[in-house]
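Enquirer: can't give you the sequence, but here's the structure:
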């Protein structure tokens, strides 16, 4: 049976906030009376099943409606006075997905850009479960470890399979203003131009060293942006005290974007279960919308108390 689109959209937001599969979401709607009331469903009346939820999300993705909803909510933020101010902060984070077990020839075919149907033409069920858009990459980071003499040990490189969420937030209010999704292996710096907007009241841009390149710096200067991107350590030379101090000052601003990813990963349990880049983009767009809703509630409550 047809369901109210607003109720279905609210169900997708709940699903994003709790990192639920479609089957689990179907169960939770029927199980929790508070969710049923929030979504506007009556006790004993029909509720959407997992296929209905998936079909509704796919239709929003195919028609580009999710991106328009993101822009519409940004317009509502403008009406409330939350205009982009004080510059933009750009960053990316790896979002894991179920690992793929492929043979070496299959891996080469995936890297060559072949679709799942072309790689497994005689196994349609297997092809339907293969994500040829996700990629492996190395995540370098974690807690710094030291040797007994006090010198730091090399950073640990952890392999991660999945996608990468790229976002841009405004410095003043911390809302996600622009976003994009790529495979995990995509370079961060190439997405800088796509994530910046000239609607911010300040043209200053903060980002880590992955976004510093000659082409990006030239593009920023050409388009009147002010670069506050971290500088890299010179190859084979120690970083100067001046550069280190400048990077430390920039970090105090840039660190705010890390709070966004921490919120999504710790509270939402962000994880990609879908197949394909388009559906992964839909999942992450819903997670970004859910974060903006939470951020708006935070600001509204603080304004009411102040």
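Expert: That came through, no problem. Given the structure is predicted, the values throughout are model-derived calculations rather than measurements.

Enquirer: isn't residue 277 up against residue 135?
Expert: No - using Cβ atoms under 8 Å, residue 277 makes no contact with residue 135, being 10.4 Å away. In short, each C-beta sits where N, CA and C put it, glycine included.

Enquirer: hey, what's in contact with both of these two?
Expert: By Cβ atoms under 8 Å, 6 or more residues apart in numbering, residue 277 and residue 135 have these common neighbours: residue 183.

Enquirer: the two: who's more crowded?
Expert: residue 135 (20 against 16; other Cβ atoms under 10 Å).

Enquirer: could you pull out the strands in this structure for me?
Expert: Secondary structure of the chain, counting by DSSP state E: strands at 88-96, 135-141, 156-170, 176-183, 204-207, 226-229.

Enquirer: now distance to residue 47 too, for those strands, in JSON lines please.
Expert: What follows is the strands of the chain, written out as JSON lines (distance: least, Cβ to Cβ, whole Å):
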{"stretch": "strand 88-96", "distance to residue 47": "29"}
{"stretch": "strand 135-141", "distance to residue 47": "37"}
{"stretch": "strand 156-170", "distance to residue 47": "30"}
{"stretch": "strand 176-183", "distance to residue 47": "30"}
{"stretch": "strand 204-207", "distance to residue 47": "44"}
{"stretch": "strand 226-229", "distance to residue 47": "49"}
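
Enquirer: so where do the helices sit in the stretch 201-306 of the chain?
Expert: Applying DSSP state H, counting those that start in this stretch to the stretch 201-306 of the chain gives helices spanning 214-222, 241-254, 256-266, 277-305.

Enquirer: elements contacting the longest one?
Expert: Helices and strands in packing contact with helix 277-305 are listed as helix 5-18, helix 50-62, helix 65-79, strand 156-170, strand 176-183, helix 256-266; criterion 3 or more Cβ pairs under 8 Å, 6 or more residues apart in numbering; DSSP states H and E.

Enquirer: list the buried residues for it?
Expert: 277, 279-292, 295-296, 299 (16 or more other Cβ atoms under 10 Å).

Enquirer: what's near enough to touch residue 256?
Expert: 89, 169, 171, 174.

Enquirer: and with 10 Å instead?
Expert: Contacts for residue 256 (Cβ atoms under 10 Å, 6 or more residues apart in numbering) come out as 89, 91, 169-171, 174, 206.

Enquirer: do you know how far it is from residue 265?
Expert: 16 Å (Cβ to Cβ, to the nearest Å).

Enquirer: for residue 16, same thing?
Expert: With Cβ to Cβ as the criterion, residue 16 and residue 265 are 13 Å apart.

Enquirer: just checking, residue 17 touches residue 297?
Expert: No - Residue 17 is beyond contact range of residue 297, at 11.9 Å (criterion: Cβ atoms under 10 Å).
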